[in-house]
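Visitor: Structure for the following, please:
(one chain, ligands or ions: 4)
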Amino acid sequence: MNADLHCHSAISDGCLEPAALARRAHAHGVDLLALTDHDELGGVAEAAREAARLGMRFVAGVEISVSYGEDTTVHIVGLGVDPLDPTLCAGLARVRGGRDGRARRIAAELDRIGLRDTLAGARRFARNPAMIGRAHFARHLVASGAMPDVNAVFDHYLARGKPGFVSHRWAGLEEAVGWIRGAGGIAVIAHPARYHRLSTAAFNRFVDEFIAAGGEAVEVVAGAHTQADMLRFATLARRRGLLASRGSDFHGEAESAVEIGRCNPLPPDLVPVWSRLP
Ligand code: AMP
Ligand code: MN
Ligand code: MN
Ligand code: MN
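Guide: Numbers count the residues shown, from 1 in each chain. Ligands and ions are numbered 1, 2, ... in the order given. Have a look, this model is predicted:
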């Protein structure tokens with residue numbers, strides 16, 4: 001079973017339109033695809049139609065931006081959600097609503113260090129104006145010749161602690177998991193290896209709170225994970241009785257560590273999250 005349950009279309013910060021992304025997944029042997037745009041379900045209908053045309057299984061997904069604790073951003077993926085669920089849609093609309101003001105603050109910070117007009121530049125790369133994010137600033141700064149590639153832009157300007165980083169309040173953890181469950185979906189901790197801001201104790205508390213809120217799964221295989229990360233989070237899944245998920249986090253050919261559909265397999269003793277998906 002080649003499941004890829006984490007990827008992005010141009011409806012958030014991916015490079016391909018939803019139908020083109022579904023075609024690429026199918027061409028790379030995906031049997032079950034979830035589109036998981038950031039804070040947005042606007043691409044799932046098109047991706048679902050294309051998947052149906054290709055005879056590929058598809059579930060609607062979303063990756064919700066969450067603020068945890070004082071000021072840590074974590075991502076919670078929802079899989080198999082009803083994309084028309086009113087509470088989920090209203091919650092996501094609220095989260096998206098903060099992005100424009102945040103983009104203005106990012107641009108103002110970049111302006112202070114001499115990078116002018118980045119808001120207009122980033123907007124040209126944001127196909128969905130409501131979903132402007134750091135990746136769009138990064139693409140603009142690459143296109144303008146300020147940096148060689150998107151990773152370098154994050155390293156120099158956009159990552160936490162860099163001049164263009166601004167803190168922001170996203171959804172709450174309980175709230176995001178509640179929206180996903182209310183919409184009939186399964187909540188998944190996205191790319192857990194990326195949360196190095198949390199100490200081991202804080203990460204364990206985060207997992208406790210995620211489970212208490214109704215969260216059921218963790219990405220064991222993720223685009224950003226090393227083999228050691230994979231083994232560590234396989235152990236977490238076993239210890240905490242979490243379902244295991246697997247996803248490339250594909251954004252585009254030039255930007256992603258792992259191609260869509262080319263994730264490593266899950267350890268065979270884990271219970272895959274897709275055993276619970278339609
Ligand atoms: P945002 O939701 O606007 O904070 O943007 C988060 C997105 O930025 C992630 O989903 C990635 O697409 C991208 N991103 C974050 N960190 C990096 C990085 N170090 N290199 C490249 N892209 C990154
Ligand atoms: Mn992204
Ligand atoms: Mn993410
Ligand atoms: Mn993602």
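Visitor: Leaving out the residues flanking it, which one is nearest to the residue in the stretch 101-250 of the chain positioned nearest to ligand 3?
Guide: With CB to the ion, the shortest gap between the stretch 101-250 of the chain and ligand 3 falls at Ala190, namely 4.9 Å. In short, each C-beta sits where N, CA and C put it, glycine included. If the residues on either side of it in the chain are set aside, Ala190 comes closest to His75, at 3.9 Å by CB to CB, 6 or more residues apart in numbering.
Visitor: Arg246 too?
Guide: Arg246 sits nearest to Val221 (CB to CB, 6+ apart), 4.0 Å away.
Visitor: helix/strand/coil for that neighbour?
Guide: strand (DSSP: H, G, I helix; E, B strand; the rest coil).
Visitor: What is the neighbour count of it?
Guide: 26 (other CB atoms under 10 Å).
Visitor: The one 10 residues further on too?
Guide: Other residues lying near Leu231 total 13 when counted by other CB under 10 Å.
Visitor: Kindly report the same for Val81.
Guide: Neighbours of Val81 (other CB under 10 Å): 28.
Visitor: swap in Ile113?
Guide: The number of residues near Ile113, taken as other CB under 10 Å, comes to 11.
Visitor: got a list of what it touches?
Guide: 163-164 (CB atoms under 8 Å, 6 or more residues apart in numbering).
Visitor: In stretch 50-69, which residues are buried?
Guide: 50-51, 54, 56-68 (16 or more other CB atoms under 10 Å).
Visitor: Stretch 200-219 too?
Guide: 203, 206-207, 210-211, 213, 215-219.
Visitor: From those, which land in strands?
Guide: Within those, residues falling in strands by DSSP state E are 217-219.
Visitor: Please see if stretch 65-78 touches ligand 3.
Guide: Yes - against ligand 3, stretch 65-78 shows contacts by CB under 5 Å from the ion at His75.
Visitor: pull the CA atoms of that stretch into CSV?
Guide: Extracted in CSV, the C-alpha atoms of stretch 65-78 (Å, rounded to 0.1, in the frame of the first residue of the first chain):
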residue,chain,number,x,y,z
SER,A,65,-1.4,25.7,12.3
VAL,A,66,-1.5,25.5,16.1
SER,A,67,0.1,27.6,18.8
TYR,A,68,1.1,25.4,21.8
GLY,A,69,2.3,26.7,25.1
GLU,A,70,3.9,30.2,25.3
ASP,A,71,4.9,30.5,21.7
THR,A,72,5.6,27.2,19.9
THR,A,73,4.0,26.5,16.5
VAL,A,74,3.0,22.9,15.9
HIS,A,75,1.1,21.4,13.0
ILE,A,76,-1.9,19.0,13.4
VAL,A,77,-3.0,17.1,10.3
GLY,A,78,-6.7,16.1,10.0
